[in-house]
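S.K.: dropping the sequence and predicted coords here.
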Amino acid sequence: MLEAFDAPAVLLTPDYRILAANETYRQTFGYSEQVIGRTCHEVSHGLDRPCDEADESCPLREARSAVEPRRVLHVHHTPAGDEHVDVEVRPVFDGEGRLSCFLELMRPSRFALPTGMAALGMVGRSAAFNRMLELVRRVAPSETTALLLGESGTGKELVARAIHDGSRRSSGAFVAVECSGLTETLFESELFGHERGAFTGALARREGLVAAARGGTLFLDEIGDIPPSLQVKLLRLLETRMYRRVGGTEPQQADFRLVCATHRDLSAMVAAGEFRADLYYRIATFPIPLPALRERLEDLPLLVGHLLGRYPGCKDKHLTAAALAWLEEQSFPGNIRELRNLLERACLLCDGDLIGPRHLAPPGHLSEVIGGAFADEPLVSLAEAERRYLASALERWGGDRRELAARLGISERTLFRKIRELRES
């Protein structure tokens, strides 16, 4: 029965034990060794206890409680590294209607990678990031209008592109419209196009962005900045799927999937009379909150590695533990865009391979980085300062040496050499 599924599939007992697994499961996740009798959380997550006891959602437990199918997004271990997997669990009943076992289907997500190896996709593995990705995964295959809600710099256009890429319209165009600052004439001309002679300078007929998005996705960024006089024109387009070019009389048929985004509180704007209620309810069918960077600081190492890998000449650069600790203390009002700018500037300032706090700190703030814990201590040699810091790091670090070397921005071999020198001194 399991071999009939084209996705990785296993049968599980109510206490998480694997009864059977298909060949696709073994090939996809590299489980050539025996998996029968082992627990799903051990095989897929490397955990010694169920997912829900390790601060993750457990679809099996939810399916067992509700006695109905459940779906969640998980990070699974694979031969290529960790990756997001869409997990669906269905209860299986015997001939007398009693719960027998659970069928678990796993489909690797194409929206994001939980490691820093993604070329253009979203990167993260925090709970806040996974909740957002779960909503993206659910809405993408449909034609439902998605409304992305988040602060500036949280990657709303990247999420909109992910929704487009995961839809049935992925072969069509993705057309982004920046709504901020558009005047009424410019808004209509950009969106609907114009006929020749419609206004001064209109020397030829021009197709608008609605026509360019035919068969694809129209992304209206910062839709909360559209003035009320233009909101009614947009509402008519969405309701009728018809429009006219500026200066034209012939109605045109629109065919696009709509995704909107804003950093504003649209519901508060509706209450204040600044945004049309009918337009709000038309676009807010499926809201997706995007977490701010300060809400997903555990993703910082992944984001840093991913962003450094995108800059020419920065692929071999690494952050020191002190630099990463400094980043973790920042509030990041500009979110990922601010982080990207900080790293790009640090790469230009750093002559070696190790980026420290002094490379990240904005001009005039270096004293704040150097101060604090070292402000009242007497000056020592750099070699002595390194020995003290390494001793402190070894005392506080609870993980393995490979991870510690990565956090310190050095090779594992160099770390063992320095530890040996520390013990011999």
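M.R.: Thanks, I have the structure now. Residues are numbered from 1 along each chain as shown.
S.K.: find the centremost residue of this structure, please.
M.R.: With distances taken as Cα atoms, centre = their mean, residue 122 lies nearest the centre of the chain, 4.2 Å away.
S.K.: I'd assumed residue 162 was in contact with that one.
M.R.: Yes: between residue 122 and residue 162 a contact is recorded at 6.4 Å, counting by Cβ atoms under 8 Å. C-beta coordinates here come from the backbone N, C-alpha and C atoms, glycine included.
S.K.: top strand in this protein by residue count?
M.R.: The strand that spans the most residues within the chain, counting by DSSP state E, is strand 81-93.
S.K.: contacting residues around that strand?
M.R.: For strand 81-93, contacts defined as Cβ atoms under 8 Å, 6 or more residues apart in numbering pick out 11-12, 44, 59-60, 62-64, 67-76, 99-109, 111-115, 117, 125, 130, 133, 137.
S.K.: among those, which ones are in strands?
M.R.: Using DSSP E, the subset of the contacts of strand 81-93 located in strands is 11-12, 70-76, 99-108, 112-113.
S.K.: quick check on those: which are buried?
M.R.: 11-12, 70-76, 101-108, 112-113 (16 or more other Cβ atoms under 10 Å).
S.K.: now for the nearest residue to residue 328 once chain neighbours are set aside, how many residues are close by?
M.R.: In space, and not counting its chain neighbours, residue 328 is closest to residue 297: 5.5 Å by Cβ to Cβ, 6 or more residues apart in numbering. Residue 297 sits with 17 neighbouring residues when counted by other Cβ atoms under 10 Å.
S.K.: pretty sure residue 297 sits against residue 331.
M.R.: No: at 10.4 Å, residue 297 does not count as touching residue 331 under the criterion of Cβ under 8 Å.
S.K.: thinking again about what came up before, now do the residue nearest to residue 328 against residue 130, distance only.
M.R.: Distance of residue 297 to residue 130, computed by Cβ to Cβ, to the nearest Å: 15 Å.
S.K.: and what of residue 144?
M.R.: Per Cβ to Cβ, residue 144 is found 21 Å from residue 130.
S.K.: now residue 296
M.R.: Residue 296 is 10 Å from residue 130, by Cβ to Cβ.
S.K.: return every residue with contacts to both of those two.
M.R.: Common neighbours of residue 296 and residue 130, counting by Cβ under 8 Å, 6+ apart, are residue 124.
S.K.: phi, psi for residue 198 please.
M.R.: The phi/psi pair for residue 198 (degrees, to the nearest 10) reads phi -60, psi -30.
S.K.: can you count the residues close to it?
M.R.: Going by other Cβ under 10 Å, the residues that sit close to residue 198 add up to 18.
S.K.: what sits against it?
M.R.: Neighbouring residues of residue 198 by Cβ under 8 Å, 6+ apart: 189, 245-248.
S.K.: try 6 Å this time
M.R.: 246-247 (Cβ atoms under 6 Å, 6 or more residues apart in numbering).
S.K.: let the chain start at 28 from now.
M.R.: Okay, using 28 as the starting number, the last item reads as residue 225.
S.K.: which residues sit against the one helix or strand residue 174 maps to?
M.R.: Assigned by DSSP states H and E, residue 174 falls within strand 173-176. For strand 173-176, the surrounding residues in contact (Cβ under 6 Å, 6+ apart) are 166, 183, 186, 190, 286-288, 310-311, 313-316.
S.K.: please consider this matter closed, and thank you.
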